[in-house]
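Peer 1: Using only what follows, build the 3D model:
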Amino acid sequence: MASVEKKNFSVPEETRRHPKMKAEVVNVGGTEVLKVTFEPGWKWDDHLKPGVGGSSCQVSHLNYVLSGHMHLKMDDGTETEVGPGDVVSLPAGHTAWVVGQEAVVWLDFLGGKHFAK
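Peer 2: Numbering: from 1, shown residues only. Down below sits the predicted model:
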């Protein structure tokens with residue numbers, strides 16, 4: 001019989017740190033779920049790209065934004081900004097940066113196995 005599985009980000013199973021960014025990981029229901037905090041001034045090009053390489057992020061994400069604002073730019077040139085309450089399907093091939101002086105916090109339900117490793 002199946003049972004309920006519960007985890008809490010107050011006790012993450014893993015924490016991935018990069019400059020101006022922290023990703024807390026819990027494994028629940030066979031999925032790595034991330035709570036990612038991006039500090040003001042964070043930019044993919046400056047803070048994550050040097051550690052992972054490539055011209056853009058090649059991880060797909062399914063995010064729920066809890067706080068802050070993030071600007072997203074796809075490799076095809078399309079751009080958008082996301083903020084609190086937005087649910088975002090973000091395919092591979094993008095860059096991003098924090099807008100303003102508030103940290104961006106989002107939950108990622110798809111990119112956990114690969115993001116920020």
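Peer 1: doesn't Arg17 make contact with Gly51?
Peer 2: No: between Gly51 and Arg17 no contact is recorded; they are 10.3 Å apart, counting by CB atoms under 8 Å. Glycine gets a C-beta too; all of them are placed from N, C-alpha and C.
Peer 1: now the one residue sitting closest to the centre of the chain: how far from Gly111?
Peer 2: Residue closest to the average C-alpha location in the chain (CA atoms, centre = their mean): Val36, at 5.0 Å. Using CB to CB, to the nearest Å, Val36 is found at 9 Å from Gly111.
Peer 1: Show me the strands in this protein, by range?
Peer 2: 14-18, 21-28, 31-38, 61-67, 69-74, 79-82, 87-90, 94-99, 104-108 (DSSP state E).
Peer 1: And those: which comes nearest Ser55?
Peer 2: When those are compared by CB to CB, strand 94-99 sits nearest Ser55, at 8.5 Å.
Peer 1: So what's the model's average confidence on the closest one?
Peer 2: Mean pLDDT, strand 94-99: 98.
Peer 1: what's the angle between it and strand 61-67?
Peer 2: On the basis of axes from the mean of the first three to the mean of the last three CA atoms, to 10 degrees, strand 94-99 is oriented at 0 degrees to strand 61-67.
Peer 1: just the CA coordinates of strand 94-99, formatted as CSV?
Peer 2: Output of strand 94-99 as CSV, limited to C-alpha atoms (Å, rounded to 0.1, in the frame of the first residue of the first chain):
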residue,chain,number,x,y,z
HIS,A,94,17.9,30.4,-21.6
THR,A,95,19.7,32.9,-19.4
ALA,A,96,18.3,34.8,-16.5
TRP,A,97,19.0,37.5,-14.0
VAL,A,98,17.5,39.0,-10.9
VAL,A,99,15.6,42.3,-11.4
